[in-house]
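S.K.: with the input below, show me the fold.
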Amino acid sequence: MRLIDADRLVYELKKMSHRDSQPRAIKRAIKCALEETTIDAEPVQHGKWVKPSVFSETVCSVCVQANKNMFGEKSAYCPNCGAKMDEEE
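M.R.: A predicted model of the protein is given here:
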């Protein structure tokens, strides 16, 4: 799924409807865009895997929860909070 600016889409479609030979199709697209369910997007959290001490587990720098990967691999996202693990270690 991609988040888009629906208001901008409707604006562009309305501009097209004035010069297009298929105004019914464009009006239907506008109606669909206006009726589409909206979501509240949250900004992406960025973090890194850190190891507080030699004897401790690797934890997420955002939620400080242990990496629960059963193979001990560092995943690209924290399975606990969803933070994207793209910061420098």
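S.K.: hey, let's count contacts and neighbours off CA atoms from now on
M.R.: OK.
S.K.: how close does Ala6 sit to Arg24?
M.R.: 19 Å (Cα to Cα, to the nearest Å).
S.K.: again, but for Glu88
M.R.: Distance, Glu88 to Arg24, using Cα to Cα: 52 Å.
S.K.: now Lys14
M.R.: 11 Å.
S.K.: quick one: which of Glu88 and Arg24 has more around it?
M.R.: In this view Glu88 and Arg24 are compared by other Cα atoms under 10 Å, and Arg24 has more residues nearby, 11 against 7.
S.K.: domains for this protein, by residue range?
M.R.: If you go by automatic domain parsing, the domain ranges for the chain are 6-35, 43-89.
S.K.: tabulate these (TSV), appending mean pLDDT.
M.R.: What follows is the domains of the chain, written out as TSV (pLDDT from 0 to 100):
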stretch	mean pLDDT
domain 6-35	83
domain 43-89	85
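S.K.: I figured Lys48 hits Asp86, correct?
M.R.: Yes. Using Cα atoms under 8 Å, Lys48 is in contact with Asp86, at 6.3 Å.
S.K.: which of those two has more neighbours?
M.R.: Lys48 (22 against 13).
S.K.: how far away is that one from Ser56?
M.R.: Distance, Lys48 to Ser56, using Cα to Cα: 16 Å.
S.K.: one more: Cys63?
M.R.: As judged by Cα to Cα, Cys63 and Ser56 stand 16 Å apart.
S.K.: could you do Ala6 as well?
M.R.: Distance from Ala6 to Ser56, counting by Cα to Cα: 47 Å.
S.K.: ranges for the strands of this structure?
M.R.: Using DSSP state E, the strands of the chain run over 49-50, 59-60.
S.K.: neighbour count winner among Cys63 and Ser56?
M.R.: More neighbours surround Cys63 than the other of Cys63 and Ser56, with 13 against 10 (other Cα under 10 Å).
S.K.: neighbours of the spatially closest residue to that one that is not a sequence neighbour, how many?
M.R.: Leaving aside its sequence neighbours, Cys63 sits nearest to Cys81 (Cα to Cα, 6 or more residues apart in numbering; 6.5 Å). Using other Cα under 10 Å, Cys81 is surrounded by 13 other residues.
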